[in-house]
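Visitor: Fold the following for me, if possible:
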Amino acid sequence: MNAPSKSAFVVPGPTRDISDFAANLQYSDIPEDLILNAKQCIRDSIGCGVFGAETPWVQAVVRTVGLLGQAQTASAWGMKVKADPLGAAFINGTAAQGYELDDCHDQSMSHYGAGVVPAVLACTEGAFGAFNGKDIIRATVAGYELGTRIGNTVSPSAFHRGFHPCGLTSTFASAATIAKLLDLDTDQYVSALGLAGSQAAGLMAAQFGAMAKRFHSGKAAQNGIIAALCAREGLTGVRDVLEAPYGGFCSTYSSEYDLSFATNGLGTDWEMRRNGFKRYSSLASSQTSVDALRAIREKAGIRGEDVAKVRIGTTEMVYVHCGWPYVPNGETIGAQMNLPYTGAVTLLFGNAFIDEYSDDKLVDPTIIDLANRFEIYVDPELDAREKHQMRAVRVTVTMKDGTEHFHEQTYRSGHWRNPMSEDVLKAKFRDLAGRVLTADAVNEIDRIIDNLENEEAPSAALAKALQQVR
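Guide: Coordinates of the predicted model:
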């Protein structure tokens with residue numbers, strides 16, 4: 001009996017359409033602004049990962065990977081540790097999401113850098129062949145474009161069901177990245193996405209106080225590599241993984257979904273352009289409030305100690321994501337994911353960056369007292385706005401003398417409609433990486449990424465610099 005041809009198993013639909021687009025994507029197809037954007041995403045993810053390397057949650061993953069005795073072919077960032085590509089991607093993906101500093105695609109509510117960049121750098125360091133800078137950029141763009149589009153199909157419904165988007169859609173992004181790196185054909189690409197969908201996972205309850213939230217991105221980076229490699233070796237995945245009415249990704253994870261987000265404007269209206277970056281060390285859903293409170297603080301010259309109460313009107317998504325009362329539980333994540341705490345430190349110290357989440361501040365009575373005076377509520381008018389405005393806030397600060405100050409913020413700093421400049425992004429990278437690496441290493445990483453499209457073997461040089469710890 002003759003084996004059926006591949007074409008006998010072709011399932012037309014969104015999964016195949018985006019796979020065909022990505023499989024045929026050439027470097028010359030990528031607009032110049034997205035080449036710059038890809039380099040920004042790589043630099044930002046590396047900076048976040050280097051800083052996150054020393055955190056207890058990342059070090060727990062490092063010890064776990066070490067216990068597995070993997071071949072040492074790929075480098076962990078910000079430490080003198082090597083593992084196989086799966087282990088390195090697991091470590092670096094966890095680190096990149098390790099302190100709530102990593103990039104964010106607002107509509108799909110996911111952080112693709114932590115899934116994409118650790119995977120592509122681990123796989124290009126030598127284990128799977130020689131790759132130049134253009135190969136890395138092309139794979140990165142493919143991963144972001146497919147990851148964001150797939151994420152949009154189920155957002156925010158999957159989040160409201162309790163799933164963490166980083167664990168879900170960054171798995172697809174990583175698979176799409178490595179599938180492009182390995183030059184899989186359309187059929188193999190379909191399988192890579194199908195295998196990614198079978199591994200997509202992550203529970204939002206981790207936001208209330210568990211190291212697991214950072215681990216989700218590490219697993220996404222790792223699982224995407226597994227999906228792409230298995231597809232190359234002939235393992236088939238669900239061929240209609242996005243649209244299958246029973247057991248498909250969208251139908252399983254989301255009560256409401258829109259498959260048109262996967263394909264509308266494919267190849268012309270690039271969704272990667274709507275990826276943004278973070279200015280603060282908290283979840284993205286609290287950062288419009290940080291901007292608003294900083295604006296009030298600066299304009300009115302107020303002191304946090306003189307604030308009687310704060311009311312923040314926002315969307316249902318923000319309310320669910322971070323509007324709950326702050327209760328210290330010994331976990332940094334519990335403060336970083338909490339709007340009252342984040343708002344309180346902003347009013348008291350003028351920022352919500354790394355130093356505002358130190359262990360001593362998590363239990364500071366002054367911060368807790370002010371956090372307890374925050375009221376977060378759903379504003380129906382804001383809640384009815386388009387998805388790109390899902391983090392809009394209206395903030396009213398009432399002082400102890402009765403005076404009130406108001407500010408409305410629609411887009412957080414770093415949102416694609418309120419972007420951070422190249423200079424600001426570079427300064428963020430140099431700040432984060434410079435806390436762990438030598439000055440020469442930081443300069444070398446910056447140089448390589450600036451010139452990435454012209455680099456013949458960038459990953460080995462990046463790996464060397466990334467292990468030059470101070």
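
Visitor: Make sure residue 35 is actually in contact with residue 450.
Guide: No: between residue 35 and residue 450 there is no contact under Cβ atoms under 8 Å: 11.7 Å. Heads up, the C-betas are built off the backbone N, CA and C, glycines and all.

Visitor: residue contacts, the closest residue to residue 296 other than its chain neighbours?
Guide: Closest residue to residue 296 apart from its sequence neighbours, by Cβ to Cβ, 6 or more residues apart in numbering: residue 405 at 4.6 Å. By Cβ atoms under 8 Å, 6 or more residues apart in numbering, the contact set of residue 405 is 296, 299-300, 302, 396-397, 399.

Visitor: element containing residue 405?
Guide: Assigned by DSSP states H and E, residue 405 belongs to strand 404-409.

Visitor: State the next helix or strand along the chain beyond that strand.
Guide: Next helix or strand after strand 404-409 toward the C-terminus (DSSP H and E): helix 422-434.

Visitor: if you skip the residues just before and after it, what's nearest to residue 347?
Guide: residue 304 is the one closest to residue 347 (Cβ to Cβ, 6+ apart), at 3.6 Å.

Visitor: what's the distance between the residue most central in space within the chain and residue 175?
Guide: In the chain, the centroid-proximal residue (Cα atoms, centre = their mean) is residue 111; its distance is 1.3 Å. Distance, residue 111 to residue 175, using Cβ to Cβ, to the nearest Å: 16 Å.

Visitor: Could you do residue 64 as well?
Guide: 22 Å.

Visitor: Now do the buried residues in stretch 184-195.
Guide: By 16 or more other Cβ atoms under 10 Å, the buried positions in stretch 184-195 come out as 184, 186-195.

Visitor: Throw those into CSV and include pLDDT, thanks.
Guide: Output for those, formatted as CSV (pLDDT from 0 to 100):
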residue, pLDDT
184, 98
186, 97
187, 97
188, 98
189, 98
190, 98
191, 98
192, 98
193, 98
194, 98
195, 98
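
Visitor: Out of those residues, flag the one nearest to residue 31.
Guide: Taking Cβ to Cβ as the measure, residue 31 lies nearest residue 189 of the buried residues of stretch 184-195, at 21.6 Å.

Visitor: wouldn't the residue nearest to the centre of the chain be in contact with residue 102 here?
Guide: Yes: taking Cβ under 8 Å as the definition, residue 111 is a contact partner of residue 102 at 4.7 Å.

Visitor: Could you pull out the residues contacting both of these two?
Guide: Common contacts of residue 111 and residue 102, defined by Cβ under 8 Å, 6+ apart, comprise 96, 217.

Visitor: about what we covered before: the buried residues of stretch 184-195 in helices, which ones?
Guide: When DSSP state H defines the helices, the subset of the buried residues of stretch 184-195 inside them is 186-195.

Visitor: what about residue 64 and residue 175, which has more around it?
Guide: residue 175 (38 against 13; other Cβ atoms under 10 Å).

Visitor: Quickly find the element holding the more buried one.
Guide: When elements are assigned from DSSP H and E, residue 175 belongs to helix 165-181.

Visitor: model confidence over that helix, on average?
Guide: Averaged across helix 165-181, the pLDDT comes to 97.

Visitor: Now find how far off-centre it is within its chain.
Guide: How far helix 165-181 lies from its chain's middle: 11 Å, per Cα atoms, centre = their mean, to the nearest Å.

Visitor: quick revisit: can I get the buried residues of stretch 184-195 in TSV including distance to residue 97?
Guide: Converted to TSV, those look like this (distance: Cβ to Cβ, whole Å):
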residue	distance to residue 97
184	26
186	31
187	32
188	28
189	26
190	28
191	27
192	22
193	22
194	25
195	22
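
Visitor: what's the closest of those to residue 308?
Guide: Nearest to residue 308, judged by Cβ to Cβ, of the buried residues of stretch 184-195 is residue 193 at 52.5 Å.

Visitor: list the contacts for the closest one?
Guide: The contact partners of residue 193, by Cβ under 8 Å, 6+ apart, come to 15, 18-19, 146, 172, 175-176, 179, 227, 237, 241-242.

Visitor: Could you export these to a markdown table, including columns for distance to residue 249?
Guide: Below are those laid out as a markdown table (distance: Cβ to Cβ, whole Å):
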| residue | distance to residue 249 |
| --- | --- |
| 15 | 9 |
| 18 | 12 |
| 19 | 14 |
| 146 | 12 |
| 172 | 8 |
| 175 | 12 |
| 176 | 13 |
| 179 | 16 |
| 227 | 13 |
| 237 | 11 |
| 241 | 5 |
| 242 | 5 |
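
Visitor: between those residues, which is closest to residue 420?
Guide: For those, the nearest to residue 420 is residue 146 (24.2 Å; Cβ to Cβ).

Visitor: quick one: contacts for the nearest residue to residue 56 once chain neighbours are set aside?
Guide: Once flanking residues are discounted, residue 56 sits nearest to residue 211: 7.4 Å by Cβ to Cβ, 6+ apart. Residues in contact with residue 211 (Cβ under 8 Å, 6+ apart) are 56-57, 60, 331, 333.

Visitor: among those residues, which are in strands?
Guide: Taking DSSP state E as the definition of strands, the contacts of residue 211 contribute nothing to them.

Visitor: which of those count as buried?
Guide: Using 16+ other Cβ under 10 Å as the burial test, those include 57, 331, 333 as buried.
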